[in-house]
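Colleague: sequence plus the predicted model coming up.
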Amino acid sequence: MTSRRGFLAAAASVVFCGCGIPKAAHAAAKLPVTVAGKRVKTIDVHSHCLFPDVMQMFGPLGPPPTTRGANEAKIVIEQRLKAMDAQAVDMEVLSVNPYWYGKDRDLAAKAVKLQNEKLAELCAAKPDRFAAFGGLTLQDPALAVQELEYAVKKLGLKGAAIGDTMNNEPFSDDKFHPVWAKAEELGAALFIHPQGTPELTAKLKGNGWLFNTVGFPTGTTIALQKLIFQGTLDKFPKLKVISAHGGGYLPSYAMRSDHACFVSPDDCDPNIKLKKKPSEYLNQLYFDSLIFTPEALRHLVAQVGHSQVMLGSDYPYPWELHPVDHIFSTTSLSDAQKAAILGGNAARVLGIKA
C-alpha cells in the first residue's frame, strides 16, 4: 500500500487539467448513486490527467496546451475528488492522450515508463476512486507489448489509452498486431481517444473549434472502420476496444457500411472476407456515453446494446459536467440498463470491484 508520503508526492506531480470555465450548477444526482433503491458504483472511463514532470521531459517539444486553458490550472487531488463528488462519480479511469507518438522513441519510452508508474502510484493511493489506462510507445510495437504486460501485470493498470492512429499509420496495420494479441491475452482494454485529423486542418479552420468538434469524431470513426474492414476484429475477436465520444459518427450511420462493398466491389479487397456484416462488429466494441442527449444515447444503445456503453465525461474538459444525470435523463433505458451504463459494464470489462 502506498504511504501517505507517496500519495502526497503523487499529488504534487499530477496535473488534473482545468479549463477556467465557470462551474455549472451541481448535478441532481449525488453520491451515493442509487437505481431502483440499489447502490450503484459510478465509473467514468473517460477522464484525463497530465504529469508535469513527464511533460517536461520533452521540453519545448512537449504537448501544446489544448483547449483553451487546459494546462493553466494545476488542481490537487483533493480538488479533483471534490469535483468527482459533485458529479456523482465514484471512480475515474484516468488516461493521458498520447502526445509522444511523434517524438524520439527512446525519450518517449522513458516518459511512458515514468507516466505509467505515476498512474499506478496514484491509483494505489486511492484505489476506491481511481483506476487508469497506461500509455504505450507504439513507435516500437515490440516495446509496446512489453510495456502493456508490465502495466497490467506489475502496475495493476486496466489496459492502455491509444490514439486513433500512430502518426497516420492505422492500427489495423499488421505491425501493430502483436500489441493487440497481447492485449487480448491479458484481457486488457484499449481506450481509443482521437487526436484530430491533421490532413483536414485547413478545411477545419474558422469558428467552432472544428479541429476537435468535427475532427475528433471523424478520427474515431475512421479508426474503428479500419479495424472492422481490414479484418482486425476478426483476428482478435476478444479484444476489448473502448472508443471515446460515443464512437464518433459510426454508430449514427453504421448501416451504410453494410452496403459499401456491394455498391462498389472494385473499392474493396477481395482477399478480406469478413465473418459478419460490418455493422455487427459494433456489438463487440465498447463506447462511452459522451453524446449529450437522451435521444443520442437511446440510439447508441439501440445500435450496439446497453452492455457495450459506459459512463464517460471527458473531465476536466467541460463537455459534460454532469454525466450521471445524462444517463438518468434517458427514459428509454430500464433501471438495469442505467445501472449497467453507470458502472456495471465498466466494472465487468475492466475487472473493477463494483
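Modeller: Right, received. Where do you want to start?

Colleague: OK, contacts around Tyr150?
Modeller: Asn116 (CB atoms under 8 Å, 6 or more residues apart in numbering). Any C-beta I mention is one placed from the backbone N, CA and C, and that applies to glycine too.

Colleague: sticking with it, tell me its helix or strand.
Modeller: Secondary structure from DSSP states H and E places Tyr150 in helix 141-153.

Colleague: which strands or helices does whichever helix or strand comes after that helix pack on?
Modeller: Counting by DSSP H and E, the element after helix 141-153 in chain order, helix or strand, is strand 159-162. In this structure, strand 159-162 makes packing contacts with helix 141-153, helix 177-186, strand 189-192, judged by 3 or more CB pairs under 8 Å, 6 or more residues apart in numbering; DSSP states H and E.

Colleague: what's the closest of the ones you listed to Tyr317?
Modeller: Of all those, strand 189-192 sits nearest to Tyr317, with 15.4 Å by CB to CB.

Colleague: and that closest one, which strands flank it?
Modeller: According to DSSP bridges, strand 189-192 forms sheet pairs with strand 159-162 (parallel), strand 240-243 (parallel).

Colleague: quick check, Leu227 in contact with Leu233.
Modeller: Yes: at 5.3 Å, Leu227 counts as touching Leu233 under the criterion of CB atoms under 8 Å.

Colleague: shared neighbours, these two?
Modeller: Common neighbours of Leu227 and Leu233 (CB under 8 Å, 6+ apart) are Val241, Tyr281.

Colleague: distance of the closest residue to Ala347 other than its chain neighbours from His193?
Modeller: Once flanking residues are discounted, Ala347 sits nearest to Ala354: 4.1 Å by CB to CB, 6 or more residues apart in numbering. The gap separating Ala354 from His193 is 24 Å, by CB to CB, to the nearest Å.

Colleague: in terms of neighbours, single out the busier of these two.
Modeller: Shown here are Ala354 and His193; by other CB atoms under 10 Å, His193 has more neighbours (25 against 13).

Colleague: that one touches Ile162, doesn't it?
Modeller: Yes: between His193 and Ile162 a contact is recorded at 7.5 Å, counting by CB under 8 Å.

Colleague: buried stuff in the helix holding Tyr150?
Modeller: Residues of helix 141-153 classed as buried: Pro141, Leu143, Ala144, Val145, Glu147, Leu148, Tyr150, Ala151, Val152 (neighbour count, 16 or more other CB atoms under 10 Å).

Colleague: which ones are touching the third one?
Modeller: Neighbouring residues of Ala144 by CB under 8 Å, 6+ apart: Leu136, Thr137, Leu138, Val179.

Colleague: tell me the spacing between Ser47 and Asp85.
Modeller: According to CB to CB, Ser47 stands 14 Å off from Asp85.

Colleague: an error on my part: the question was meant for Thr197.
Modeller: In terms of CB to CB, Thr197 sits 36 Å off from Asp85.

Colleague: more neighbours: the two, which one.
Modeller: Using other CB under 10 Å, the more surrounded residue of Thr197 and Asp85 is Thr197, with 21 against 14.

Colleague: now do the contacts for that one.
Modeller: Leu204, Gly215, Thr218, Gly219, Ile222.

Colleague: buried set for the longest helix along the chain?
Modeller: What stands out as the longest helix in the chain, according to DSSP state H, is helix 105-125. Going by neighbour count (16+ other CB under 10 Å), the buried part of helix 105-125 is 108-109, 111-125.

Colleague: tell me how many other residues surround Pro270.
Modeller: 8.

Colleague: which SS state does it fall under?
Modeller: What DSSP: H, G, I helix; E, B strand; the rest coil gives for Pro270 is coil.
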